[in-house]
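Undergrad: Need coordinates for the below:
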Amino acid sequence: MKTMNNLKLIVSIAVLLAAGAVVSAQDQTRSITSDDFVAKRPAGSSAGARTKKKSEYKFARKDAGVKRKRKGSPKPPPKGEPVESDIGVTIWKLHSGSVSAAVTFPVKVDGKVEMWVAERVNSDTTFREGDKVRLAVEPSTSGYLYVVDTEVLSDGSYGDPYLIFPAGNESNRVSPGMLVDIPDQKEELPYFNIVARDPRYRGELLTVIISPVQLPITADSKGKVTNIDELADLELGVEVSIFDRTDNDDKVYTKAEADSACGAKTRALVREEKSEARPCGTATRALTREEPTPQAVYRVKTVVGRPAVAFVRLNVAR
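TA: Okay, the predicted model is just below:
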């Protein structure tokens with residue numbers, strides 16, 4: 001995923017299962033609701049708010065993350081008061097057709113542009129080559145967002161990590177109710193193509209980090225992370241429980257989500273405002289408690305003051 005619109009997201013089910021932690025019978029019966037997550041969002045206006053039932057989430061799996069090759073020795077695991085934080089993630093799959101009230105996206109098909117619908121899918125969905133995919137991240141706390149992409153190789157090792165968000169000097173400040181679109185809906189072709197370009201590829205792993213402070217993650221002109229040990233230390237010892245929505249509501253990308261999505265191009269349009277608190281200025285608004293919730297909630301165990309780190313994997317049939 002070094003080039004945003006030429007994504008090579010090739011993840012096999014075997015790699016996903018091998019990377020996950022052992023799941024107990026008790027874990028398999030766990031569930032959560034959207035109450036805690038949406039409570040962090042701003043309340044809707046009494047005039048425009050609609051009644052929104054709770055979204056139910058069922059436990060899907062645990063993920064223990066990655067073990068990267070590094071130059072130095074790992075730091076000791078962080079100590080402190082344990083805390084859980086949530087990261088909302090929605091994976092969107094584009095398809096042709098018409099759905100009432102759905103926001104559509106331009107897709108190039110045989111040299112022509114068609115308008116397709118984006119439909120949310122579960123975190124364990126299996127994709128196929130040629131599928132077109134979008135990603136939205138929503139924090140439950142204010143902080144700074146980083147998204148790193150890493151290729152998964154056939155021997156189970158990992159390729160070089162690339163920082164795909166933020167890019168350049170764009171603001172990466174986020175807050176509850178803000179959706180970060182990857183890629184931005186304002187891109188000419190706002191989706192990733194799933195393409196197998198090399199038989200050695202077995203996947204791509206997205207590391208999603210929300211930190212209370214700016215992090216010293218550095219990248220070269222091509223986006224390649226230059227201080228891998230810093231990234232590896234953030235990922236070390238992370239435990240993530242992943243919960244998927246059980247209902248079929250809010251299946252398509254809605255106007256409310258489009259109005260709240262803040263991607264790279266949207267940020268660039270308002271960069272002159274130089275607002276850390278609102279990096280998209282008046283170009284977007286926050287999702288309210290009455291509006292669509294994420295398709296998946298990644299519940300991260302960490303300690304107070306440490307970044308929350310989640311690992312997003314896409315399964316692709318080979």
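
Undergrad: can you pull the pLDDT of the closest residue to residue 237 other than its chain neighbours?
TA: Using C-beta to C-beta, 6 or more residues apart in numbering and skipping the chain neighbours, the partner closest in space to residue 237 is residue 77 (4.5 Å). Any C-beta I mention is one placed from the backbone N, CA and C, and that applies to glycine too. Looking at residue 77, its pLDDT reads 74.

Undergrad: ok, residue 77 touching residue 236?
TA: Yes: assessed by C-beta atoms under 8 Å, residue 77 is found in contact with residue 236 at 6.7 Å.

Undergrad: Give me the more crowded residue out of those two.
TA: The neighbour count for residue 77 versus residue 236, taken as other C-beta atoms under 10 Å, is higher for residue 236 (18 against 10).

Undergrad: Could you pull out the strands in the stretch 101-250 of the chain for me?
TA: Per DSSP state E, counting those that start in this stretch, the stretch 101-250 of the chain carries strands over the ranges 104-109, 112-121, 126-127, 132-139, 143-153, 158-165, 173-174, 180-182, 192-193, 201-211, 239-245.

Undergrad: Show me the shaky parts of the stretch 51-200 of the chain.
TA: 51-52 (pLDDT under 70).

Undergrad: Of all the strand elements in this protein, which one is longest?
TA: What stands out as the longest strand in the chain, according to DSSP state E, is strand 82-95.

Undergrad: now for it, which elements pack on it?
TA: helix 35-38, strand 112-121, strand 132-139, strand 201-211, strand 296-303, strand 308-313 (3 or more C-beta pairs under 8 Å, 6 or more residues apart in numbering; DSSP states H and E).

Undergrad: Repeat the analysis, applying 10 Å as the threshold.
TA: helix 35-38, strand 104-109, strand 112-121, strand 132-139, strand 201-211, strand 239-245, strand 296-303, strand 308-313 (3 or more C-beta pairs under 10 Å, 6 or more residues apart in numbering; DSSP states H and E).

Undergrad: mind listing what's buried in that strand?
TA: Buried residues in strand 82-95, defined by neighbour count with 16 or more other C-beta atoms under 10 Å: 85-94.

Undergrad: Name the nearest of those relative to residue 171.
TA: residue 87 (18.6 Å; C-beta to C-beta).

Undergrad: my guess is the closest one meets residue 310, correct?
TA: Yes: with contacts counted by C-beta atoms under 10 Å, residue 87 reaches residue 310, the gap being 4.8 Å.

Undergrad: Pull up the overlap in contacts between those two.
TA: 137, 208-210, 240, 296-300 (C-beta atoms under 10 Å, 6 or more residues apart in numbering).

Undergrad: Tabulate these (a markdown table), appending neighbour count and distance to residue 107.
TA: A markdown table is the format used below for these (neighbours: other C-beta atoms under 10 Å; distance: C-beta to C-beta, whole Å):
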| residue | neighbour count | distance to residue 107 |
| --- | --- | --- |
| 137 | 24 | 22 |
| 208 | 24 | 25 |
| 209 | 24 | 30 |
| 210 | 24 | 30 |
| 240 | 23 | 32 |
| 296 | 23 | 24 |
| 297 | 28 | 29 |
| 298 | 24 | 28 |
| 299 | 23 | 33 |
| 300 | 24 | 33 |
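
Undergrad: Residue 161 versus the closest residue to residue 162 other than its chain neighbours, what's the distance?
TA: Spatial nearest neighbour of residue 162, chain neighbours left out: residue 223 (4.5 Å); criterion: C-beta to C-beta, 6+ apart. Per C-beta to C-beta, to the nearest Å, residue 223 is found 9 Å from residue 161.

Undergrad: Common neighbours of these two, please.
TA: Going by C-beta under 10 Å, 6+ apart, residues that sit against residue 223 and also against residue 161 are 148-149.
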